[in-house]
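K.L.:
Got a predicted structure here, sequence first:
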Amino acid sequence: MDNLRRSWDSWLDTAVGGIRFGYDRRAVQAELSAHLEDKTADLQRIFPDMTPEEAEARALGEMGDAAELRSALAKIHRPWLGYLWLCSKVLIGVLLVLLVGRNLYTDHYYSTGTGNQLWDWDDLPGLSEGCLTGLAGSLVNTYTGEEIYSPGSAPEQLFARSYGGRQDTEVNGQTVSLRRAVLWQGEQGQELFVWFRVQDWRFWERASLDEAWFVVTDSLGNQYHVDRDRSDCVLSKSESGPFFEGWQLYLRGVDPEAEWVRVEYGLTEPSFSFTVDLERG
Amino acid sequence: MKFDKGLVAGSSTLLVLALLEGGDMYGYQMIEELARRSNDAFQMKEGTLYPILHALEKGKYLTSYQQEAPTGRQRKYYRLTRRGKTLLDEKRAEWAAFHKGVQDVLSGGALSFS
């Protein structure tokens, strides 16, 4: 029995010995081994008088010449294809790790993103200073913000709205969407929180916003200056994912009589803007 | 009857593809089915089936997947792809033309003088 097993193993080793890529070699060996076991079991079922040793020997005999099989299998299972496949798997793994690592890093990185801008105008093809205004102007979309009002339990919360990303603006391949707005009655006046998101499938590119490009006004003509050195109108990064960056805009001292606040972003003309209706609930 | 090795080898791709047209199978099952359908006329060395299967898989004519047998052992099943079906149709047409040609020669039907 042991001798037979040894010749069985030897046959298998010879048959797959020409496959130089280890993963393929083990897979083919398992397949051939399963075949031999099936055949042996079948022979014993068909010929009940046949001993296990006889069945195994016959099964092995019907498989054919191991050296011929080795040559045929080696021609098909070229090692470089296997290594190419393995490399592509490793590469995908590395990319995933980098992607996750990058997002872990940015998730904990909150800043106002000053000194950068969301769109590098210089990189836009054929764009000169003269046509900048026209292009930017054509991208303007004002969010009206369908209200999904949730009064909440806190009496200080005047409203909370979710915009659900249904009203998006496409800007140079990126999507800017107003997500949520909440108005609170604080001790130092009304405080407005606005969350918006810039989405881009190109995960290797990260949107950043220049706070100097923001113009925030309300229905009464009051202007709010976004400035990280002040505490009453602050832009900060609030979230980050593989394909998006999110920001929170905080305004303190919103005029109680104001009916809306408009947030515009752009160098000369707004490249995007949205309006938050301040109708108190 | 034992056939010339070359005859069987030349039609092995057609036979394998035709077997899989009826459903997914693993290697040993194909050997058994081939013997059953041909009334044991085709008795190829069983190991020679695998280079054919692997070459067809590499050419995307077949796909494969693992499934556990009742004994707990993993079996590799093969499935005909759309590309494999196209190849089967081509091989069938080729075989039919070849068969007709041989028949015509054997029966003398291809020679007609008027």
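P.N.:
On my side now, so go ahead.
K.L.:
For residue A:278, give me its contacts.
P.N.:
Shown in contact with residue A:278 (CB atoms under 8 Å, 6 or more residues apart in numbering or on different chains): A:159, A:183, A:192, A:218, A:219, A:254, A:258, A:259, A:260, A:261. C-beta coordinates here come from the backbone N, C-alpha and C atoms, glycine included.
K.L.:
which stretches of chain B aren't confidently modelled?
P.N.:
Residue ranges of chain B with pLDDT under 70: B:1-6, B:8-9, B:109-114.
K.L.:
on that earlier part again, now, the contacts of residue A:278 that are in strands?
P.N.:
The members of these that map onto strands under DSSP state E are A:159, A:183, A:192, A:218, A:254, A:260, A:261.
K.L.:
what would the residues you listed look like in CSV with pLDDT, distance to chain B and neighbour count?
P.N.:
Shown next, in CSV, are these (pLDDT from 0 to 100; distance: CB to the nearest CB, whole Å; neighbours: other CB atoms under 10 Å in any protein chain shown):
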residue, pLDDT, distance to chain B, neighbour count
A:159, 76, 54, 20
A:183, 87, 56, 24
A:192, 90, 56, 25
A:218, 91, 62, 21
A:254, 89, 61, 22
A:260, 90, 57, 15
A:261, 91, 57, 24
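K.L.:
and the residue most central in space within chain B, what is it in contact with?
P.N.:
Nearest residue to the geometric centre of chain B (CA atoms, centre = their mean): residue B:15, 1.5 Å. The contact partners of residue B:15, taken as CB under 8 Å, 6+ apart, are B:34, B:42.
K.L.:
repeat that for 10 Å
P.N.:
B:8, B:30, B:33, B:34, B:37, B:38, B:42, B:44, B:49, B:52, B:91, B:95 (CB atoms under 10 Å, 6 or more residues apart in numbering or on different chains).
K.L.:
Near chain B, which residues of the stretch 51-200 of chain A? Just list them.
P.N.:
A:59-66, A:68-78, A:81 (CB under 10 Å from any CB of the partner chain).
K.L.:
For PyMOL, write the selection for the buried entries among those residues.
P.N.:
In PyMOL syntax, the buried subset of those is picked out as below (16 or more other CB atoms under 10 Å in any protein chain shown):
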select buried, chain A and resi 59+60+62+63+64+66+69+70+72+73+74+76+77
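K.L.:
Next, check the residues of the stretch 51-200 of chain A next to chain B against the strands and list the overlap.
P.N.:
Per DSSP E, the subset of these in strands is empty.
K.L.:
Restricted to helices, list the residues of the stretch 51-200 of chain A next to chain B.
P.N.:
Among those, DSSP state H puts A:59-63, A:66, A:68-76, A:81 in helices.
K.L.:
Low-confidence stretches in the stretch 101-250 of chain A?
P.N.:
Judged by pLDDT under 70, the stretches of the stretch 101-250 of chain A that qualify are A:101-155, A:164-167.
K.L.:
ok, the longest helix along chain B near chain A or not?
P.N.:
Longest helix in chain B by number of residues, with DSSP H as the criterion: helix B:82-107. No. Applying CB under 10 Å from any CB, one finds helix B:82-107 separated from chain A by no less than 16.2 Å.
K.L.:
All set now, cheers.
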